[in-house]
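> just need the structure, nothing else, for what follows:
(2 chains)
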Protein chains: 2
Amino acid sequence: MKLSTQPYKGTRDFYPDDKRVQKWMFDKWRAVCESFGYEEYDGPILEPLDLFTAKTSEEIVNEQTYSFTDRGDRKVVMRPEMTPTVSRMVAARRQELAYPLRLYSIPNCFRYERPQRGRLREFWQLNADIFGVEGIDADVEIIMLADAVMKAFGASEDQYEIRVNSRELMNKRVKAAGLKFGKELVDVTRLIDKMDKMEQSKFAEALTEYIEDVDALLGFFEKDGATEDYEDLEETLKRAGVTNVRFVPSVARGFDYYTDIVFEVFDTNPDNNRSMFGGGRYDGLVSEFGVEPVPTVGFGMGDATLLNFLESNDLLLKQETETDIYIATIGDVAEAAQQVAQKLRAKGKNVAVDLSGRKLDKQIKTAQKKGIAQVLFVGEKELETREFKVKNLETGKEEPYLLDS
Amino acid sequence: MKLSTQPYKGTRDFYPDDKRVQKWMFDKWRAVCESFGYEEYDGPILEPLDLFTAKTSEEIVNEQTYSFTDRGDRKVVMRPEMTPTVSRMVAARRQELAYPLRLYSIPNCFRYERPQRGRLREFWQLNADIFGVEGIDADVEIIMLADAVMKAFGASEDQYEIRVNSRELMNKRVKAAGLKFGKELVDVTRLIDKMDKMEQSKFAEALTEYIEDVDALLGFFEKDGATEDYEDLEETLKRAGVTNVRFVPSVARGFDYYTDIVFEVFDTNPDNNRSMFGGGRYDGLVSEFGVEPVPTVGFGMGDATLLNFLESNDLLLKQETETDIYIATIGDVAEAAQQVAQKLRAKGKNVAVDLSGRKLDKQIKTAQKKGIAQVLFVGEKELETREFKVKNLETGKEEPYLLDS
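Okay, the predicted model is just below:
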């Protein structure tokens, strides 16, 4: 039977060119997070299912998880997001860890979704969280960090907008507008999260199922600019150079665990105007593990969405090969060529030896195809004189290279 | 309900100290592979189950995989190893890729096993493979690379031994000793792979089920040193500085797909004498995807086994925090402290701000606990004069630091 060469639906193969782009992205993520004092952690891809049923979005757990029963009859899930895992880890060492605790990770996560632009079944996500700070200083920092990440990729302030809201404030307004008997706050929040994807009349109609005074709530959503309670946050951010921040009362976020500040970073390109990533404050998650609560605020940023943003804004840089020198062989000199390579490696050069025994022009073409800048020729004559020729494939120039034996 | 803080059985949480060790290991793996011209790739964790039923070890597929049916009724598996994936990827671009093709990856793999020292359910594995070279030059290179990895971690030649064999030669000898009617070569190979873990008499007895002339085969296994066909390989490796290589006719390796050279790297410590990792030649795997065959040789090296080796040989180095400066605040100056931090970040420093508002000695203790070398103090007075004090926590010395505003 002939096997398929296709990757599993909604996942990607990363050939070296793709992997280099991914590493470039991850390295930037790491550098920015570490510049703010965040430390990298990681957790298992498999987690007990009940870790996610506790608090993650119901839609994700019921419809989008890769969950199954293992050979030992445990219900497990391939993590759809990282927040429950990091909360579990902090709870496990609640007393030993030093606060403020700043953590970041670049996990791959799994969701069974219909694959589409920026949405895949396996994706990577930068997660950054600060634990142990109650006030807006931590909210400010986490939004500064999200902004610094965007700027590190060369994004300019007009290419994205940071929309902030408060779950606490939203909950207050929902209650003030009158939650109907038997209806839950969490369901209204999930509906509000879908507002941007719905026609306004449909949204208003859907609200009537839950809310007594729909007009009052709609009026709140139309309000622009920060309410008195959150002016501070907006002003502090602006003074810190995050000028493209705006208070938008309808920002909800899909996860149930948020308790106060939520924010989303929007692509401002009119052809692609949508939320790219976001985060918020979730002060109640660590205490689900039976320890004292730890106030926390963080965000998650997916690789596929960011890739699309960078591509469409021409910010995606081509990455060069790590190989410095390609050794082409003349005659049956593979062993000696490998020895020459070892000498160059000892000097810190990355060196590949051709080993194919093909004609010289074919070997040079291979080096070109691999994007390697220099070819060094090794034959009987060169091995005797220890004088090798190096050809620069960009300029075409050949220069002698003397190797001490 | 109180949730458990334990990670799923056989998996690990990586707190920042653990993650730093992992990154140190991965960075070394990357540097050595790239010095030989290997390029990094990656593939999905989820693969169709039939990719593994085709060629991987029967034991692994039937008893050790995490396999399940997805929400779209596809049989999938969390990869137990990387070789089938990379073979699939090469087959998919058989014509476009430039050979010799050198690839490496550091995937996490999953096996449902009883967790024990060096054996976990989620582990990482360096995979390095060279595609497109038939002769021993590639076998030599891949063993040189495995050896270079060990040396890069500071291992000395007496701490490990590279044992080489040939499946082709072993198959010949098995056939010469007479395979009994109805018995398969693959079953004998699997039995030989378990030889080291069995009593000799039990092994001989088990062989009688498959082999006519058991003594002849046992005699072959007792032979030490390379057979004529493989002297070349051993001698070339010794000339290349790999002196701790030895031809051992009973080395088999657990995977069914090997076609010729196989090798295993053994820990020579008498308390821990066992195979740490290995590899071999598998010329038939790429063609399983319906394309022309591509000769391939490679190896896989697990992180947990290597960690144990490095620990027991005192080669595991403690890694320092990436944070350069911790800002302690005096009074209500969080915003200004963050601005000072931003200036330092712009100069390339990694800076964390305390943000807790606690007493100064508590803030300093936090910096110490995090292993950060320097604390910079920010208060009203410092903000006015722009002269800050920096305390070196190792020496205890304080020095003034002038920040241009």
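> find me the pLDDT at the residue in the stretch 101-250 of chain A positioned nearest to chain B, would you?
Chain B sits closest to A:D137 of the stretch 101-250 of chain A, with a gap of 4.3 Å, by CB to the nearest CB. The C-beta positions use only the backbone N, C-alpha and C, and glycine is treated the same way. At A:D137, the predicted lDDT confidence score is 95.
> residues contacting the lengthiest helix in chain A, please?
Criterion DSSP state H: the longest helix present in chain A is helix A:16-35. Identification of contacts with helix A:16-35 by CB atoms under 8 Å, 6 or more residues apart in numbering or on different chains yields A:12, A:14, A:40, A:104, A:106, A:124, A:126, A:128, A:145, A:148-149, A:152-153, A:301, A:303, A:306-307, A:316-317, A:319-321, B:39-42, B:103, B:322-323, B:345, B:349-351.
> how far does it sit from the chain's center?
Its chain's average C-alpha position is 10 Å from that of helix A:16-35, according to CA atoms, centre = their mean, to the nearest Å.
> ranges for the helices of chain A?
Using DSSP H, the helices of chain A run over residues A:16-35, A:50-53, A:58-59, A:83-92, A:136-152, A:167-176, A:185-193, A:200-208, A:214-222, A:231-239, A:303-312, A:334-346, A:360-369, A:380-385.
> so of those helices, which one's packed in deepest?
Mean neighbour count (mean count of other CB atoms under 10 Å in any protein chain shown) peaks for helix A:83-92 among the helices of chain A, with a mean of 24.
> could the C-alpha coordinates of that one be exported in PDB?
Extracted in PDB, the C-alpha atoms of helix A:83-92 (Å, rounded to 0.1, in the frame of the first residue of the first chain):
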ATOM      1  CA  THR A  83      -3.200  28.900  30.800                       C
ATOM      2  CA  PRO A  84      -4.600  26.000  32.900                       C
ATOM      3  CA  THR A  85      -1.200  24.300  32.700                       C
ATOM      4  CA  VAL A  86       0.800  27.300  34.000                       C
ATOM      5  CA  SER A  87      -1.800  27.900  36.700                       C
ATOM      6  CA  ARG A  88      -1.400  24.300  37.800                       C
ATOM      7  CA  MET A  89       2.400  24.700  37.900                       C
ATOM      8  CA  VAL A  90       2.300  27.900  39.900                       C
ATOM      9  CA  ALA A  91      -0.200  26.300  42.300                       C
ATOM     10  CA  ALA A  92       2.100  23.200  42.800                       C
END
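> off-centre distance for that helix?
19 Å.
> which strands and helices sit next to it?
Using 3 or more CB pairs under 8 Å, 6 or more residues apart in numbering or on different chains; DSSP states H and E, the elements in contact with helix A:83-92 are strand A:46-48, helix A:50-53, strand A:101-105, strand A:122-131, strand A:296-302.
> avg pLDDT for the third one?
Read that as strand A:101-105. 98.
> how about the residues of the stretch 301-405 of chain A by chain B?
Residues of the stretch 301-405 of chain A lying near chain B by CB under 8 Å from any CB of the partner chain: A:321-323, A:326, A:334-335, A:338-339, A:341-342, A:345, A:349-356, A:366, A:369-370.
> how about JSON lines for the helices of chain A, with distance to B:G72 added?
Putting those into JSON lines (distance: least, CB to CB, whole Å) gives the following:
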{"stretch": "helix A:16-35", "distance to B:G72": "25"}
{"stretch": "helix A:50-53", "distance to B:G72": "20"}
{"stretch": "helix A:58-59", "distance to B:G72": "17"}
{"stretch": "helix A:83-92", "distance to B:G72": "25"}
{"stretch": "helix A:136-152", "distance to B:G72": "34"}
{"stretch": "helix A:167-176", "distance to B:G72": "34"}
{"stretch": "helix A:185-193", "distance to B:G72": "25"}
{"stretch": "helix A:200-208", "distance to B:G72": "29"}
{"stretch": "helix A:214-222", "distance to B:G72": "37"}
{"stretch": "helix A:231-239", "distance to B:G72": "43"}
{"stretch": "helix A:303-312", "distance to B:G72": "20"}
{"stretch": "helix A:334-346", "distance to B:G72": "47"}
{"stretch": "helix A:360-369", "distance to B:G72": "38"}
{"stretch": "helix A:380-385", "distance to B:G72": "58"}
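> does the residue lying closest to A:Y258 once chain neighbours are set aside have beta-bridge partners, and which?
Once flanking residues are discounted, A:Y258 sits nearest to A:G280: 4.2 Å by CB to CB, 6 or more residues apart in numbering or on different chains. Beta bridges link A:G280 to A:V262, A:G298, judged by DSSP bridges.
> among the helices of chain A, which is nearest B:F221?
Closest to B:F221 of the helices of chain A, according to CB to CB: helix A:334-346, at 30.0 Å.
> tell me what angle the closest one forms with helix B:136-152.
Put simply, helix A:334-346 runs at 30 degrees to helix B:136-152, going by axes from the mean of the first three to the mean of the last three CA atoms, to 10 degrees.
> hey, C-alpha coordinates of helix A:334-346 in CSV?
The C-alpha trace of helix A:334-346 is given here as CSV (Å, rounded to 0.1, in the frame of the first residue of the first chain):
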residue,chain,number,x,y,z
ALA,A,334,35.5,11.9,0.8
GLU,A,335,37.5,10.9,3.9
ALA,A,336,40.1,13.7,3.4
ALA,A,337,37.4,16.2,2.6
GLN,A,338,35.7,15.3,5.9
GLN,A,339,39.0,15.9,7.7
VAL,A,340,39.3,19.3,6.1
ALA,A,341,35.7,20.0,7.2
GLN,A,342,36.6,19.0,10.8
LYS,A,343,39.4,21.5,10.8
LEU,A,344,37.0,24.2,9.6
ARG,A,345,34.4,23.1,12.2
ALA,A,346,37.0,23.4,14.9
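> show me the contact partners of it.
The contact list for helix A:334-346, computed with CB under 8 Å, 6+ apart, reads A:325, A:327, A:329, A:351-355, A:357, A:376, A:378, A:383, A:388, A:403, B:35-36, B:137, B:140-141, B:144, B:236, B:239-241.
> tell me the mean pLDDT over that helix?
96.
> next, the angle from that helix to helix B:16-35.
Here helix A:334-346 runs at an angle of 140 degrees relative to helix B:16-35 (the same axes, to 10 degrees).
> run the angle between helix A:334-346 and helix B:231-239 for me.
Using the same axes, to 10 degrees, helix A:334-346 lies at 30 degrees relative to helix B:231-239.
> I'd like the distance between the closest residue to A:D193 other than its chain neighbours and chain B.
Among residues not flanking A:D193 along the chain, A:A252 sits closest, at 3.9 Å (CB to CB, 6+ apart). The gap separating A:A252 from chain B is 25 Å, by CB to the nearest CB, to the nearest Å.
> now A:A252. Its backbone dihedrals?
Dihedral angles of A:A252 (phi, psi; degrees, to the nearest 10) stand at phi -120, psi -40.
> wait, A:G10 sits on A:R121?
Yes: counting by CB atoms under 8 Å, a contact exists between A:G10 and A:R121, whose distance comes to 3.0 Å.
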